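>>> Predicted model and sequence follow; I will ask about them next.
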Amino acid sequence: MCRQDPNLMDPEGIVAYDVALARALASVPRKQSFIVSPTVVRNYSYVVIRDRPCEVVDMSFSKTGCHSAMVHFVAIDMFTGKKLETVLCTKRVMEAPVVTKAEYPVINIDESILSLLTDDGESKDDVNLPIGPLGKTIEADFHCIQGRPTLSQ
(Lines give C-alpha, C1' and ligand atoms only; values in the text may rest on other atoms or scores of the structure.)
Protein backbone atom coordinates (compact mmCIF):
# COMPACT_ATOMS: atom_id res chain seq x y z
CA MET A 1 0.00 0.00 0.00
CA CYS A 2 1.38 3.41 -0.97
CA ARG A 3 1.21 6.30 1.51
CA GLN A 4 0.28 9.68 0.09
CA ASP A 5 2.83 12.46 0.47
CA PRO A 6 1.34 15.10 2.86
CA ASN A 7 3.11 17.85 0.88
CA LEU A 8 1.17 17.04 -2.29
CA MET A 9 -1.85 19.17 -3.11
CA ASP A 10 -5.19 17.56 -3.86
CA PRO A 11 -6.35 19.07 -7.20
CA GLU A 12 -9.84 19.44 -5.73
CA GLY A 13 -8.45 21.38 -2.76
CA ILE A 14 -6.86 24.30 -4.61
CA VAL A 15 -8.40 27.54 -3.36
CA ALA A 16 -7.49 31.19 -3.77
CA TYR A 17 -4.91 32.70 -1.38
CA ASP A 18 -7.49 34.98 0.28
CA VAL A 19 -9.95 32.09 0.73
CA ALA A 20 -7.26 29.91 2.33
CA LEU A 21 -6.35 32.77 4.70
CA ALA A 22 -10.00 33.35 5.65
CA ARG A 23 -10.56 29.63 6.30
CA ALA A 24 -7.43 29.42 8.46
CA LEU A 25 -8.46 32.40 10.59
CA ALA A 26 -12.05 31.14 10.90
CA SER A 27 -10.87 27.76 12.20
CA VAL A 28 -8.24 29.11 14.62
CA PRO A 29 -8.35 32.91 15.18
CA ARG A 30 -4.75 33.11 16.49
CA LYS A 31 -3.31 30.87 13.77
CA GLN A 32 0.16 31.93 12.63
CA SER A 33 0.28 30.21 9.23
CA PHE A 34 -1.81 28.32 6.70
CA ILE A 35 -1.25 25.97 3.76
CA VAL A 36 -1.60 27.20 0.18
CA SER A 37 -0.88 25.90 -3.31
CA PRO A 38 2.09 27.56 -5.06
CA THR A 39 -0.16 28.18 -8.08
CA VAL A 40 -2.36 30.68 -6.20
CA VAL A 41 0.46 32.76 -4.70
CA ARG A 42 0.99 36.10 -6.44
CA ASN A 43 3.50 38.93 -6.18
CA TYR A 44 3.34 40.74 -2.82
CA SER A 45 1.72 37.70 -1.16
CA TYR A 46 3.40 36.29 1.93
CA VAL A 47 4.96 32.81 2.04
CA VAL A 48 7.38 30.87 4.23
CA ILE A 49 10.71 30.03 2.56
CA ARG A 50 13.36 28.15 4.56
CA ASP A 51 11.33 28.71 7.75
CA ARG A 52 11.40 32.50 7.23
CA PRO A 53 8.31 34.68 6.56
CA CYS A 54 8.82 36.43 3.21
CA GLU A 55 7.04 38.72 0.77
CA VAL A 56 7.06 37.45 -2.82
CA VAL A 57 8.58 40.01 -5.20
CA ASP A 58 8.87 37.85 -8.33
CA MET A 59 7.66 34.49 -9.50
CA SER A 60 7.76 32.55 -12.73
CA PHE A 61 6.36 29.27 -14.01
CA SER A 62 8.41 26.78 -15.97
CA LYS A 63 6.94 24.64 -18.71
CA THR A 64 5.45 21.30 -17.88
CA GLY A 65 8.13 18.63 -17.80
CA CYS A 66 7.96 14.93 -17.18
CA HIS A 67 6.38 15.43 -13.74
CA SER A 68 4.60 18.79 -13.60
CA ALA A 69 5.21 22.52 -13.89
CA MET A 70 7.56 24.24 -11.47
CA VAL A 71 7.21 27.66 -9.81
CA HIS A 72 10.29 29.78 -9.07
CA PHE A 73 9.80 32.26 -6.19
CA VAL A 74 11.98 35.24 -5.34
CA ALA A 75 11.05 36.75 -1.98
CA ILE A 76 12.35 39.18 0.63
CA ASP A 77 12.62 38.09 4.28
CA MET A 78 10.24 40.29 6.29
CA PHE A 79 12.66 40.73 9.19
CA THR A 80 16.16 40.71 7.69
CA GLY A 81 15.47 42.07 4.18
CA LYS A 82 17.52 39.25 2.63
CA LYS A 83 16.52 37.86 -0.75
CA LEU A 84 15.50 34.18 -0.72
CA GLU A 85 14.64 31.93 -3.65
CA THR A 86 12.99 28.55 -3.99
CA VAL A 87 11.58 26.32 -6.72
CA LEU A 88 8.50 24.20 -6.04
CA CYS A 89 6.48 21.68 -7.99
CA THR A 90 2.94 22.96 -8.61
CA LYS A 91 1.53 19.77 -7.07
CA ARG A 92 3.13 20.56 -3.70
CA VAL A 93 1.86 22.87 -0.97
CA MET A 94 3.63 25.63 0.88
CA GLU A 95 3.15 27.49 4.11
CA ALA A 96 2.02 31.13 4.22
CA PRO A 97 2.23 33.28 7.36
CA VAL A 98 -0.73 35.23 8.69
CA VAL A 99 0.44 38.85 8.52
CA THR A 100 -1.38 41.73 10.14
CA LYS A 101 -0.16 45.30 9.96
CA ALA A 102 -0.85 47.87 12.66
CA GLU A 103 0.20 51.46 13.19
CA TYR A 104 0.67 52.76 16.72
CA PRO A 105 1.27 56.42 17.59
CA VAL A 106 4.30 57.09 19.80
CA ILE A 107 3.22 58.65 23.11
CA ASN A 108 6.59 58.64 24.86
CA ILE A 109 10.24 57.62 24.50
CA ASP A 110 11.96 56.70 27.76
CA GLU A 111 15.56 55.44 27.69
CA SER A 112 15.16 54.00 24.18
CA ILE A 113 11.89 52.23 25.03
CA LEU A 114 8.91 53.35 22.97
CA SER A 115 5.50 53.79 24.58
CA LEU A 116 2.88 53.22 21.92
CA LEU A 117 -0.88 53.78 22.01
CA THR A 118 -2.93 50.73 20.96
CA ASP A 119 -6.34 50.83 19.28
CA ASP A 120 -8.09 50.11 22.59
CA GLY A 121 -6.37 53.09 24.28
CA GLU A 122 -3.83 51.13 26.30
CA SER A 123 -0.10 51.73 26.40
CA LYS A 124 2.23 49.22 24.73
CA ASP A 125 5.65 49.51 26.38
CA ASP A 126 7.59 46.53 25.03
CA VAL A 127 9.13 47.98 21.87
CA ASN A 128 12.75 49.14 21.77
CA LEU A 129 13.73 52.20 19.77
CA PRO A 130 15.52 50.90 16.65
CA ILE A 131 19.28 51.42 16.52
CA GLY A 132 20.62 53.51 13.64
CA PRO A 133 19.08 56.05 11.28
CA LEU A 134 15.49 54.84 11.74
CA GLY A 135 15.70 55.24 15.51
CA LYS A 136 17.19 58.72 15.18
CA THR A 137 14.42 59.72 12.76
CA ILE A 138 11.68 58.41 15.09
CA GLU A 139 13.21 60.24 18.06
CA ALA A 140 13.69 63.50 16.12
CA ASP A 141 10.12 63.41 14.76
CA PHE A 142 8.73 62.66 18.23
CA HIS A 143 10.61 65.57 19.84
CA CYS A 144 9.63 67.88 16.96
CA ILE A 145 5.94 67.07 17.49
CA GLN A 146 6.33 67.54 21.27
CA GLY A 147 7.90 70.98 20.69
CA ARG A 148 11.22 70.01 22.25
CA PRO A 149 14.48 70.98 20.58
CA THR A 150 16.50 68.07 19.23
CA LEU A 151 20.22 67.65 18.91
CA SER A 152 21.37 66.42 15.54
CA GLN A 153 24.72 64.82 14.92
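Yep, that arrived.
>>> and the lengthiest helix in the chain, which residues are buried?
If you go by DSSP state H, the chain has its longest helix at helix 133-146. Residues 139, 142 are the ones in helix 133-146 that count as buried (16 or more other C-beta atoms under 10 Å). The way it works is simple: take the backbone N, C-alpha and C, and place the C-beta from them, glycine included.
>>> same deal with stretch 77-93?
For stretch 77-93, by 16+ other C-beta under 10 Å, it's 84, 86, 88, 90, 91, 92, 93.
>>> Please narrow those to those residing in helices.
Going by DSSP H, the helices hold none of the buried residues of stretch 77-93.
>>> Could you identify the most distant pair in the residues you listed?
Spanning the widest gap among the buried residues of stretch 77-93 are 84 and 91, at 21.7 Å by C-beta to C-beta.
>>> Flag the shaky bits of this structure, pLDDT-wise.
By pLDDT under 70, the weakly predicted segments of the chain are 1-14, 65-67, 147-153.
>>> What are the structural domain limits within it?
Using automatic domain parsing, the domain parsing of the chain gives 11-97, 106-146.
>>> Tell me which of these sits most buried.
With neighbours taken as mean count of other C-beta atoms under 10 Å, these reach their highest mean count in domain 11-97, at a mean of 14.
>>> gap between the closest residue to residue 43 other than its chain neighbours and residue 117?
Sequence neighbours aside, residue 56 is the residue nearest to residue 43 in space, at 5.6 Å (criterion: C-beta to C-beta, 6 or more residues apart in numbering). According to C-beta to C-beta, to the nearest Å, residue 56 stands 32 Å off from residue 117.
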